[in-house]
Every structure is written in structure tokens, then in C-alpha cells.
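Novice: Task: produce atomic coordinates for the following.
(one chain, ligands or ions: 1)
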Amino acid sequence: MDTPTPTARAAVLVARRIFPETLARLRQHFDVDSNDADEDWSQEELIRRLQGKAGVLLTGTQRVDAALLTACPRLRIAANMTVGYNNFDVAAMDAAGVVGTNTPDVLTETTADFGMALLLAAARRVTEAERYLRAGQWTRWTVDLMAGAEVHGTTLGILGMGRIGQAIARRGAHGFGMRVLYHNRRRLDAATEQACRATYVDKATLLREADHLMLVLPYTPENHHTIGAAELALMKPTAVLVNLARGGIVDDAALAEALRQRRIAAAGLDVFEGEPHVHPGLLQVPNVVLTPHIASATLRTRRAMADLAADNLIAYLTEGRVLTPVNRPPQPRA
Ligand SMILES: O=CC(=O)O
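Specialist: Sure thing, here's the model as predicted:
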């Protein structure tokens, strides 16, 4: 009697600590090697560990570039557990036939909530007021104690009108009675504009007219420092700037200087150039709320992101399907 040939299990790598349940699911399908620490491996170590692996789950911090792809000829899919994928060299992945995936949708509403949290905290000076109270400085009521900027009924500007931008627009328009202006590479269709109650304007008009400006655009080399000294100079001196997107979109040195000189009123920042390093000028000014890249960080959402990254690996390596691809390489690796 013939013995059936066992189907070879693909090998995958998980490059950072993720939830044990997600790791256990991956182990049902694959031979899994994992980094169980919260530190990235060096790029050399990542390449070494990737030898013979068909897939990798990444947390968005490690590069998938031509050098890695050449050194890892068995790799077929790189699954980010992030919606942003500026760690991928998409052209090199296309050329190498490697699929990249991200985690859209599952984090949209959670991230939009955090955008509003940063806007409210910066405009209403929540963390500054808390520092004041904790320092024992609150001894009496005064008429303008920690008086901040109005949010409801003001004009919200959104730069980048993808899924998260639209979710913020809905919150602003329907929840806070804001007039919403947006700028985006592509204008939305009329029905989507209407659902968000958002009006398309050019970038300079957005900067000039927004009482508060929310940045929610992907990082690409073209929009490096898309907000720098010149753009900050166009904004209202009463404006609050929120960066939920990626470090590098804002020139952090220019922003620190604008905040120091009160050329804009305040900022709420979840992402930084060269994070986790934060520009020292930002740490010195009181009118900025600083958070450590946590906009999608609820446990439910982070689990959904990890699960979607794992599902991408499972669907592609067991059935050849991709759930949330960022590219469709013309000739996927065999
Ligand atoms: O920054 C977080 C993400 O891109 O998901």
C-alpha cells in the first residue's frame, strides 16, 4: 500500500513579539520561528532567520527591500500588522514577485477615536493641566485657568482622506458640528464627500482656513516634510495640529520652533521623525501632547491587526489568496 506523501508545511517567521493566540494559530499551519522579544532584530539577523522561510509577519518597523529580497529567495509574502507600509519597497517586492499585505479597516475607527482624543487634549490643554495639578500648582480658581481652544463648531482640516481621514471627518462633522475641509491626492466621489460632510480644497486653503489640522496621509518620499516651516506659517496662530500619520511627514524641528514661538497654538503628536527618539525641542514646550505611537492601541484592535496579518499568511501560503494586498506582483514567486 502506498503511504501518502506528507504535505510539506511552509516555514514562516514572526519578527517581533505578538499575541500568543496568534502565534498558536500560525503554528497550526506552519513551522514557525519567532522573535519573542520587543526589540527588532538587526537587518542581518532578520535575513539570517528568514532563510528557507516563505512568509514573514512584521510590525512595520523592519525594511523589506531589494537587499533582503535577494538574500531571501524563498520568501513569498511579507505581512505587516500595520496599515502603513512605508517599510516596504513595493517596487522591489513587485520585481521579486513577493506579496506585501497590511491591516486596513480593522483599526480605522479606533485610530479615528485617538485622533479626536489628541485634538481635544491639545486644544483643551488636558495633559498640561494635569501636570500643573500634579505639581501642586492648583491653589485657587482663576477666570482663565488653562483656557484652551474651542473644538466644537470650528473648522477641521484633514490632510489625507483615506479610511481614517473619513472616519475623523464623520466624527468632526456629525459629533462636534465642525465644518470639514480636506485635501487629498485624489478627490473623493460626491457620495463619500456628502457622507463625511467634507469639502475638497487645495492644500494652501486647507492650511489657511483650518482651525485645527489633522494629518492622516501615508508616508512616501514625496510627502517627506509636507508640513514644514512654510506650511506652519500659513496656519492660524490659534490652530492645533495633530499628526497621527507617520514621523517624517512633519518637520519636527520646525514644529518645535513654531510651538515655542506660539506661531500655532498647540499640537498633538503620536508619531515622530526617528521615533522612539523625540526631537528635544518638542519635549521642552508645554503646548504639545506627546504619545508613543499608540493610535491603534486598544487590545481588541491590536488583536484584530495581528489576526489579519496571520490570516494573510495563512490564506496566501495555503490557498494562494491574498486578503489585503498592497501590491499584486505580476509573477508571484513559486
Ligand atoms: O502606525 C500604525 C499603522 O500603520 O498601523
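Novice: for this protein, what's the longest helix?
Specialist: Identified as the longest helix of the chain according to DSSP state H is helix 299-319.
Novice: Name the residues that touch that helix?
Specialist: The contact list for helix 299-319 (CB atoms under 8 Å, 6 or more residues apart in numbering) reads 10, 12, 18-19, 21-22, 25-26, 29-30, 54-55, 57, 76-77, 79-82, 99, 101, 103, 106-107, 110, 296, 321-324. No exception for glycine: its C-beta is placed from N, CA and C like everyone else's.
Novice: swap the cut-off to 7 Å and go again
Specialist: With contact meaning CB atoms under 7 Å, 6 or more residues apart in numbering, helix 299-319 is reached by 10, 12, 18-19, 22, 25-26, 29, 54-55, 57, 76-77, 79-81, 99, 101, 103, 106-107, 110, 296, 321-324.
Novice: same thing with stretch 254-265?
Specialist: With CB under 7 Å, 6+ apart, stretch 254-265 has contacts from 149, 228-229, 232-233, 235, 237-241, 267, 279, 281-282, 285, 287-288.
Novice: Could you pick out the buried ones from the residues you listed?
Specialist: Buried members of these, counted by 16 or more other CB atoms under 10 Å: 149, 228, 232, 235, 239-241, 267, 279, 281-282, 285, 287-288.
Novice: Follow the chain on from the host helix or strand of residue 181 and name the next helix or strand.
Specialist: Using DSSP states H and E, residue 181 sits in strand 179-183. Next along the chain after strand 179-183, taking DSSP H and E as the criterion, comes helix 190-196.
Novice: Work out the gap between the following helix or strand past that following helix and the centre of the chain.
Specialist: Using DSSP H and E, the next helix or strand after helix 190-196 towards the C-terminus is strand 198-200. Its chain's C-alpha centre and that of strand 198-200 lie 23 Å apart, by CA atoms, centre = their mean, to the nearest Å.
Novice: ok, now stretch 28-48?
Specialist: 22 Å.
Novice: in that stretch, what counts as buried?
Specialist: 29, 30, 32, 34, 35, 41, 46, 47.
Novice: how far does it stretch from start to finish?
Specialist: Using CA to CA, to the nearest Å, one end of stretch 28-48 lies 24 Å from the other.
Novice: do stretch 290-299 as well
Specialist: End-to-end distance for stretch 290-299, by CA to CA: 21 Å.
Novice: Name the spans of the stretch 151-300 of the chain whose pLDDT lies under the cut-off.
Specialist: Judged by pLDDT under 70, the stretch 151-300 of the chain has no weakly predicted residues.
Novice: Spell out which parts of it neighbour the ligand.
Specialist: Within reach of the ligand by CB under 6 Å from any ligand atom, the stretch 151-300 of the chain has these residues: residue 296.
Novice: ranges for the strands of the stretch 151-300 of the chain?
Specialist: 155-159, 179-183, 198-200, 212-215, 240-243, 266-269, 288-290 (DSSP state E, counting those that start in this stretch).
Novice: deepest of these, which one?
Specialist: Burial among the strands of the stretch 151-300 of the chain, expressed as mean neighbours by mean count of other CB atoms under 10 Å, is greatest for strand 240-243, which shows a mean of 29.
Novice: Give me the helices and strands touching it, please.
Specialist: Strand 240-243 sits against helix 108-123, strand 212-215, strand 266-269, with contacts defined as 3 or more CB pairs under 7 Å, 6 or more residues apart in numbering; DSSP states H and E.
Novice: and the longest one with the ligand, contact?
Specialist: Looking back up the chat, that one is helix 108-123. No. Judged by CB under 6 Å from any ligand atom, helix 108-123 and the ligand are separated, with a smallest distance of 7.5 Å.
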